[in-house]
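Chemist: Pasted the sequence and its predicted model underneath.
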Amino acid sequence: MTDYNPWNILFECLQAQPRRRLLTGLAAYQPMEAVHFTELRADESAPGTPIHAEYVHIHLPQLAAAGYIVWDERTHEISQGPGFEEVEPFLKLVQTHSECLPNGWV
């Protein structure tokens, strides 16, 4: 059995750009404020863009399982989860120094 390791969970969640963008976008909202996740998809935010299955079957469930988001599977609204405060300092650090990071990281 593997011990709980918050670093592993954090980096597994942050390894995919869609999850990084969702978390980074969500950081701009108040803790209990819900937003439809498509409003946070900068790469696919054009009106009428379909919801890709990878969000519903991979990205949103993984972030919810980590506790970083609360996801309403019916409405596809998300809000900051009980574990969001664990990832928020890292997100702020990355945002503050985004000009030093390669394109596409955030």
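Modeler: Cool, got the structure. All of these numbers come straight from a predicted model, not from anything done at the bench. Numbers count the residues shown, from 1 in each chain.
Chemist: Quick check: residue 73 vs residue 93, distance?
Modeler: 31 Å (C-beta to C-beta, to the nearest Å). Backbone N, C-alpha and C define where each C-beta goes, glycine included.
Chemist: Give the residue spans of the protein that score low on pLDDT.
Modeler: 1-2, 42-51, 104-106 (pLDDT under 70).
Chemist: Of all residues in it, which one is nearest the centre?
Modeler: Nearest to the mean C-alpha position of the chain, counting by C-alpha atoms, centre = their mean, stands residue 23 at 2.9 Å.
Chemist: how about the strands of this protein, start to end?
Modeler: Ranges of strands within the chain are 35-36, 69-72, 77-80, based on DSSP state E.
Chemist: Can you give the contact residues for stretch 5-24?
Modeler: Outside of stretch 5-24, the residues within contact range by C-beta atoms under 8 Å, 6 or more residues apart in numbering are 37, 40-43, 54-55, 58-60, 62-63, 66, 68-69, 78, 86-87, 90-91, 94-95, 104-106.
Chemist: any chance you could map the helices in the protein?
Modeler: 6-14, 17-26, 53-54, 60-66, 84-96 (DSSP state H).
Chemist: closest to residue 32 out of these?
Modeler: helix 84-96 (10.9 Å; C-beta to C-beta).
Chemist: In terms of secondary structure, what does the closest one contact?
Modeler: helix 6-14, helix 17-26 (3 or more C-beta pairs under 8 Å, 6 or more residues apart in numbering; DSSP states H and E).
Chemist: which one of these has the most crowded surroundings?
Modeler: Of those, the one with the most neighbours on average (mean count of other C-beta atoms under 10 Å) is helix 17-26, at a mean of 20.
Chemist: Having no further points to raise, I will conclude here.
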